[in-house]
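Participant: Quick one: sequence plus predicted model below, questions after.
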Amino acid sequence: MFDVTDIAKGVAEGNFLLLAKTISQIENKVEGADVYLTKLVPKAIPIIGITGPPGAGKSTLIAGLVGEWIAAGKKVAVLSVDPSSPFHKGAILGDRIRMKDWYLHPQVFIRSLASRGHLGGLNSSMIELTTLLQSVGFDQIIVETVGVGQSEVEVASLADTTVVVLVPEAGDDVQMMKSGLMEVADVFVVNKSDRPDAQTFTNHIRQMMMENGVSEDLVKVVATVASQGLGINDLMQAIDAHQIANNALGNYKKIIFTKAIQLIVAHKMQQVDLKKLEQDIETATINEGFNIFSFTQNYF
Ligand SMILES: Nc1nc2c(ncn2[C@@H]2O[C@H](COP(=O)(O)OP(=O)(O)O)[C@@H](O)[C@H]2O)c(=O)[nH]1
Ligand SMILES: [Mg+2]
């Protein structure tokens, strides 16, 4: 595997070849990848998770944020996971069109990742990859995920700041409750605020925050029109404010706790042969009186 110093040198020069190769090696869990990861020395660069339904404008918002950051001389990495689309290539193409300005920019690294069928839709190497990005010289790191199923919760569990992007649409407020977005959002974005019902929708969110005891001192609600670049600065300020508050509270330890659990569970699960499990169930359930507890003990 490639030396981290060489990858960082490439990143500094706007050459992401070694980084891209290393990401593939980690995703494919090539031999030595686990040892390689133990040698990383990550900087405390906060991970920003951006989630929300398909078409909400996440990629357009990210393109706007990226524009601001590169103007400030920063190096930006964007990891994008789109589990909702079986036509993943199409999804990449869509993002390319909107983020096209940044695809070839030497300060920006953009990578689309397959979700690899992982439950909840997050790429199962996300913790590894974000830690790698923290170790090779990026100043801003974004993870974009589509808000389906549990992925909002998962992105929140590994992001230092979770931005939930919604659009003014009737009925969304109900859905928001269902998916537990209230618990995961550090910043709410009402994108497509050029729509006439935007204000009503924003009021809905504020009301639901109140009902759930979420203070606007902690969770900001930002109105944006990403396609026109409106509200991007407000969003940046809301993200910064959350990160300052988060650091003051020492919340990063909670995120390390959650990540550690995920890594430990993933490691333990590696020792389980899922094909064999299926076959064993086939055999064990032939007789009546199958007991799942004694059955699973064989796997402990
Ligand atoms: N009217 C309007 N359209 C927007 C806005 N932001 C994004 N869009 C459009 O919404 C569509 C989906 O945007 P995209 O960023 O790909 O959404 P994603 O699936 O959440 O990443 C694109 O056609 C955008 O041009 C906005 O603020 N107002
Ligand atoms: Mg997108």
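Facilitator: Ah, there it is. Ligands and ions are numbered 1, 2, ... in the order given.
Participant: any idea how far Phe257 lies from Ile264?
Facilitator: 11 Å (CB to CB, to the nearest Å). All C-beta atoms are positioned from the backbone trio N, CA, C, and that covers glycine.
Participant: swap in Ile292?
Facilitator: Taken as CB to CB, the span from Ile292 to Ile264 is 23 Å.
Participant: Check Asp217 too.
Facilitator: To Ile264, Asp217 is 35 Å away according to CB to CB.
Participant: can you check Glu169 too?
Facilitator: 39 Å.
Participant: neighbour count winner among those two?
Facilitator: Between Glu169 and Ile264, counted using other CB atoms under 10 Å, Glu169 has the larger neighbour count: 14 against 10.
Participant: so that one makes contact with Thr200?
Facilitator: No. Glu169 is beyond contact range of Thr200, at 10.7 Å (criterion: CB atoms under 8 Å).
Participant: Which residues of the stretch 101-250 of the chain lie near ligand 1?
Facilitator: 191-192, 194, 225-227 (CB under 6 Å from any ligand atom).
Participant: List buried residues within those residues.
Facilitator: Burial by neighbour count, 16 or more other CB atoms under 10 Å: within those this picks out 191-192, 225-226.
Participant: between those, which is closest to Leu65?
Facilitator: Of all those, the one with the least separation from Leu65 (CB to CB) is Ala226, at 9.5 Å.
Participant: Contacts only, for the closest one.
Facilitator: 57, 60-61, 63-64, 191-192, 232 (CB atoms under 8 Å, 6 or more residues apart in numbering).
Participant: in what helix or strand does the residue in the chain positioned nearest to ligand 2 lie?
Facilitator: Here the chain gets closest to ligand 2 at one residue, Ser59, 3.3 Å apart by CB to the ion. Secondary structure assignment for Ser59, by DSSP states H and E: helix 58-71.
Participant: which secondary structure elements does that helix contact?
Facilitator: strand 47-52, strand 76-81, helix 88-98, helix 100-103, strand 140-146, helix 232-249 (3 or more CB pairs under 8 Å, 6 or more residues apart in numbering; DSSP states H and E).
Participant: Can I get it in PDB? Just the C-alpha atoms.
Facilitator: Only the C-alpha atoms of helix 58-71 are listed here, as PDB (Å, rounded to 0.1, in the frame of the first residue of the first chain):
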ATOM      1  CA  LYS A  58     -27.800  17.900  -1.600                       C
ATOM      2  CA  SER A  59     -25.200  17.800  -4.400                       C
ATOM      3  CA  THR A  60     -26.100  21.300  -5.500                       C
ATOM      4  CA  LEU A  61     -25.600  22.600  -1.900                       C
ATOM      5  CA  ILE A  62     -22.300  20.700  -1.600                       C
ATOM      6  CA  ALA A  63     -21.100  22.300  -4.900                       C
ATOM      7  CA  GLY A  64     -21.900  25.700  -3.400                       C
ATOM      8  CA  LEU A  65     -20.100  24.900  -0.100                       C
ATOM      9  CA  VAL A  66     -17.100  23.600  -2.100                       C
ATOM     10  CA  GLY A  67     -17.000  26.800  -4.100                       C
ATOM     11  CA  GLU A  68     -16.700  28.900  -0.900                       C
ATOM     12  CA  TRP A  69     -14.100  26.700   0.700                       C
ATOM     13  CA  ILE A  70     -11.800  26.600  -2.300                       C
ATOM     14  CA  ALA A  71     -12.000  30.300  -2.600                       C
END
